[in-house]
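*Asks:* Everything below, folded, please.
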Amino acid sequence: MTVQPRLILLHKQATSGRVRFLCLSSGVVAFKPLPVLSALRDEDYSPTLQFHPTAIVREAEIHLGLPEGGIEPVADFQAWVDTPDGDVPVLLAAFSGVDPPFDAANRTSSRFIALTESRQLSEVERNLLRRAYEHVLG
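*Replies:* Okay, here's the model as predicted:
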């Protein structure tokens, strides 16, 4: 089986530090939802396999209709989710513009949400967002 990494996309406002996550119609894990029986692994889980984010970030830019460089990987973040099909890595990337790309979100039937607006998401997605939020804000 080929492991397909997933991506969480966020925008951090440079002046205020406000963090918003791109929420697709299927949730915040782009671009294929996690299976129902998924569980977030502990933060100290460290598999030998690591993923470089360049390819998946470029795929996200193409999917959202953004120019190259419109999304940048967030360094030193990688979470692992235990699924019925095996472990899936989740990487983190940030939109590089001053403002979130609202047009790209509208084109893909997505929206930007704050962490406090994640109640409708699955438990594993809420926990992924919490980890991402803590990582970005330090």
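*Asks:* tell me the phi and psi of Leu91?
*Replies:* For Leu91, the backbone dihedrals (degrees, to the nearest 10) come out as phi -100, psi 170.
*Asks:* Pairing partners for it in the sheet, please.
*Replies:* When bridges are taken as DSSP bridges, the partners of Leu91 come out as Leu7, Gln78.
*Asks:* burial count for it?
*Replies:* Residue neighbour count, defined by other CB atoms under 10 Å, stands at 22 for Leu91. To be clear about C-beta, it is placed using only N, CA and C from the backbone, and glycine gets the same treatment.
*Asks:* show me what contacts it?
*Replies:* For Leu91, the residues meeting the contact criterion (CB atoms under 8 Å, 6 or more residues apart in numbering) are Pro5, Arg6, Leu7, Ile8, Phe51, Pro53, Ile56, Val57, Pro73, Val74, Phe77, Gln78.
*Asks:* quick one, what contacts the second one?
*Replies:* Read it as Arg6. Arg6 makes contacts with Val29, Ala30, Phe31, Lys32, Leu34, Val81, Val88, Pro89, Val90, Leu91, as judged by CB under 8 Å, 6+ apart.
*Asks:* what sits against the second one?
*Replies:* Right, the one you point to is Ala30. Arg6, Leu7, Ile8, Leu9, Leu22, Leu24, Ala60, His63.
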